[in-house]
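S.K.: I would like the atomic coordinates for the input below:
(one chain, ligands or ions: 1)
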Amino acid sequence: MLNISELEAYYGGSRILNQINMKVKKGQVACILGRNGVGKTTLLKSIMGLVKTPRGSILLEEKEMMKVPTYHRAMEGIGYVPQGREIFPQLTIHENLLLGLERSKNKGELEEDVYELFPVLKSMLKRKGGDLSGGQQQQLAIARALISKPKILLLDEPTEGIQPSIIQDIGKVIQQLKKQGNMTIIIVEQYLEFVLGIADYFFVMDKGKIVMEGNIKEADPKEIQSKMMI
Ligand SMILES: Nc1ncnc2c1ncn2[C@@H]1O[C@H](COP(=O)(O)OP(=O)(O)OP(=O)(O)O)[C@@H](O)[C@H]1O
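M.R.: Down below sits the predicted model:
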């Protein structure tokens, strides 16, 4: 459902992504692994249209996204949870969630399903986003992206700086979404253990390229780890 070919991305004159080819099937959970600075975040931003990508192709269900502006990519069904979460600290949980609906084609009521996935949010709808713990903010950011019912969800290091019990909760939410079967998920991670339990497919990046990929169940975690350490 996502088919990226020969994608290049630049910051100013520096090429950050070099000939990226990547296919992710519908309903699949794919992860992008790699050390700091290899271009993982830049790849997600490229899919979202947030960086300069002069060459290549990004097909979402056969539709070319390269010339589609970011806002419309969101409307086309790409949900994005950036690293550092970027929730609005002065707005309440409820208001933060309402902003998620802005990017949706189906502007309706807030979906009960999202509260089912994140019961903790339902219990504090009037609380300010900035008063939540880091883990709760991550949950809010994921919930906000889910409210627009994306076809594909991009998560940038969802476990970063988060306590183990909340990492587990986030893992369970991803498993539940996977079970529902209609959402494709791409997770950027450095925490290999986390993705081993939930992903179907993996890509390892190094210096702006994909250097290894495969089905996660058939792969040797030690080999993946050693590719990540290069
Ligand atoms: N706004 C920017 N302007 C210029 N260079 C940037 C910018 N953002 C990132 N870079 C550079 O692009 C390269 C790839 O960065 P990117 O954030 O995509 O890596 P990453 O694999 O996601 O790393 P991390 O795990 O630390 O987030 C790095 O060399 C980084 O310094």
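
S.K.: not counting the helix or strand containing Glu193 itself, show me its contacts.
M.R.: Using DSSP states H and E, Glu193 sits in helix 192-198. Residues from elsewhere that reach helix 192-198 (CB atoms under 8 Å, 6 or more residues apart in numbering): 29, 31, 33, 159, 167, 171, 174-175, 178, 187, 189, 202, 216, 221, 224-225, 228. Backbone N, C-alpha and C define where each C-beta goes, glycine included.

S.K.: inside helices: which ones of those?
M.R.: In helices, defined here by DSSP state H, the members of the contacts of helix 192-198 are Ile167, Gly171, Ile174, Gln175, Lys178, Pro221, Ile224, Gln225, Met228.

S.K.: what's near enough to touch the residue nearest to the fifth one when sequence neighbours are not counted?
M.R.: Same thing as Lys178. Nearest in space to Lys178, with sequence neighbours left out and distances taken as CB to CB, 6 or more residues apart in numbering, is Val29 at 5.4 Å. By CB under 8 Å, 6+ apart, Val29 lies in contact with Ile174, Lys178, Thr184, Ile185, Ile187, Ile198, Ala199, Asp200, Tyr201.

S.K.: could you check how far Val29 is from the ligand?
M.R.: Using CB to the nearest ligand atom, to the nearest Å, Val29 is found at 19 Å from the ligand.

S.K.: same check, this time on Ile185
M.R.: Counting by CB to the nearest ligand atom - Ile185 and the ligand are separated by 17 Å.

S.K.: looks to me like that residue is in a strand.
M.R.: Yes - assessed with DSSP: H, G, I helix; E, B strand; the rest coil, Ile185 lies in a strand.

S.K.: my guess is it contacts Lys151, does it?
M.R.: No - when contacts are counted by CB atoms under 8 Å, Ile185 is not listed as touching Lys151 (10.5 Å).

S.K.: quick revisit: looking at the ones in helices among the contacts of helix 192-198, which one is closest to the ligand?
M.R.: Nearest to the ligand, judged by CB to the nearest ligand atom, of the ones in helices among the contacts of helix 192-198 is Met228 at 10.7 Å.

S.K.: pretty sure the closest one contacts Val204?
M.R.: Yes - in this structure Met228 lies within contact range of Val204 using CB under 8 Å: 5.9 Å.

S.K.: what is in contact with these two at once?
M.R.: Joint contacts of Met228 and Val204 (CB under 8 Å, 6+ apart) are Leu33, Gly34.
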